[in-house]
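Engineer: After the sequence you'll find the predicted model.
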Amino acid sequence: MSAPVYIPAPELREIARELQAAPTTGWRLWHIDLDRIEFVREVTCRPTRDAGQCIVVQPPVRAVLQARGADCSHVIVVYGYHAEGKSRNWLKALVYHELRHIGYDGRLIDHGVEDWPDVLAVCGVNWREAKDVPDVTGAGNARKP
Ligand SMILES: [Zn+2]
């Protein structure tokens, strides 16, 4: 199988900024400096177990980046195998899921068995298999009578 190919995905940072600005999700993300997070997409759509991944940039690599005038604490990867054909709200739920892995000290934290409870509450248990999901920030979702 061919090697994975990753391309920068600035549109995912835009989504992350929306999540950080929304009252419903932003309070869980305020500690994250989005200028130090890089977002990439895997574009060959080779099968992967996970839809996304949050990776800590380790100190030696981070030092090299800083020496070159760049700084990056984490890389968030979205895998095309799962993301292809999905809605923007789906990507938003995934980006939120991955950002929530970043703890206050920058280390990764883990959720329960399946997911973060607030993601499940808005998007449902099987949201990763759905093509579209409600907006995880709650904005624009139709109210049920
Ligand atoms: Zn996770």
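Structural biologist: Now that the structure is in, tell me what you want to look at. Residues are numbered from 1 along each chain as shown.
Engineer: can we go C-alpha only for contacts and neighbour counts from here?
Structural biologist: OK.
Engineer: what sits against the residue nearest the centre of the chain?
Structural biologist: When C-alpha atoms, centre = their mean is applied to the chain, the residue found nearest the centroid is Val95 (2.2 Å). Val95 makes contact with 12, 15-16, 52, 76 under the criterion C-alpha atoms under 8 Å, 6 or more residues apart in numbering.
Engineer: redo that, cut-off 10 Å
Structural biologist: Neighbouring residues of Val95 by C-alpha atoms under 10 Å, 6 or more residues apart in numbering: 12-13, 15-16, 19, 39, 52-54, 76-78, 89.
Engineer: buried ones in the lowest-mean-pLDDT helix or strand in the chain?
Structural biologist: Among the helices and strands of the chain, helix 117-123 carries the lowest confidence by mean pLDDT, DSSP states H and E, at a mean of 91. Across helix 117-123, burial judged by 16 or more other C-alpha atoms under 10 Å covers 119, 122-123.
Engineer: So which other helices or strands are in contact with that helix?
Structural biologist: Using 3 or more C-alpha pairs under 10 Å, 6 or more residues apart in numbering; DSSP states H and E as the contact criterion, the neighbours of helix 117-123 among helices and strands are helix 23-26, helix 88-99.
Engineer: Alright, I will stop here.
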